[in-house]
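**Student:** Got a predicted model here, sequence first, then my questions.
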Amino acid sequence: MKKRIFIIALALAALLCLCFCLAACGANSAVNGTYYLYESEQFEKSDWYELKDGVWTDNDGYEGTYKVVGSKISFYGEANGENVKWATGTVKDGALTMSSIGATHTYRKEVA
């Protein structure tokens with residue numbers, strides 16, 4: 001009887017871990033895409049961020065990683081040999097709002 005309970009508990013723990021992993025992957029893949037600066041209801045195609053599976057790149061050639069928790073996003077990059085938080089913001093419904101060094105900018109995915 002104890003062996004059966006242990007096996008069931010172990011299977012439930014494995015299932016729970018799998019659910020967390022899938023949720024984390026889903027959070028990143030849901031935001032994948034290219035976001036263009038969006039001001040005065042117009043896209044500025046020369047200023048963009050591409051998000052793909054936890055890695056970001058921008059039009060200036062910078063890159064780093066990002067983490068999504070709910071609709072909150074944090075960007076990380078290297079500075080002086082260390083991985084530091086560069087910016088924070090939100091990402092939801094095709095809109096990325098970033099705050100960095102006292103400024104807030106909105107980027108959007110272009111919908112076909």
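**Tutor:** That came through, no problem.

**Student:** contacting residues around Lys72?
**Tutor:** Applying C-beta atoms under 8 Å, 6 or more residues apart in numbering to Lys72 gives the contacts 88-90. All C-beta spots, glycine's among them, are computed from the backbone N, C-alpha and C.

**Student:** Roughly how far does it sit from Gly33?
**Tutor:** Computed as C-beta to C-beta, to the nearest Å, the Lys72 to Gly33 distance reads 18 Å.

**Student:** just for this protein, where's the confidence low?
**Tutor:** Filtered on pLDDT under 70, the chain yields the residue ranges 6-29, 112.

**Student:** ok, Trp86 - contacts?
**Tutor:** 64, 75-77, 79, 100.

**Student:** Of the residues you listed - the most surrounded one?
**Tutor:** Of all the contacts of Trp86, the highest neighbour tally under other C-beta atoms under 10 Å goes to Phe75, namely 22 neighbours.

**Student:** Out of the contacts of Lys72, which is nearest to Leu96?
**Tutor:** Set against Leu96, the nearest of the contacts of Lys72 by C-beta to C-beta is Gly89 (6.4 Å).

**Student:** The closest one touches Thr97, doesn't it?
**Tutor:** Yes - here Gly89 lies in contact with Thr97, judged by C-beta atoms under 8 Å, at a distance of 4.8 Å.
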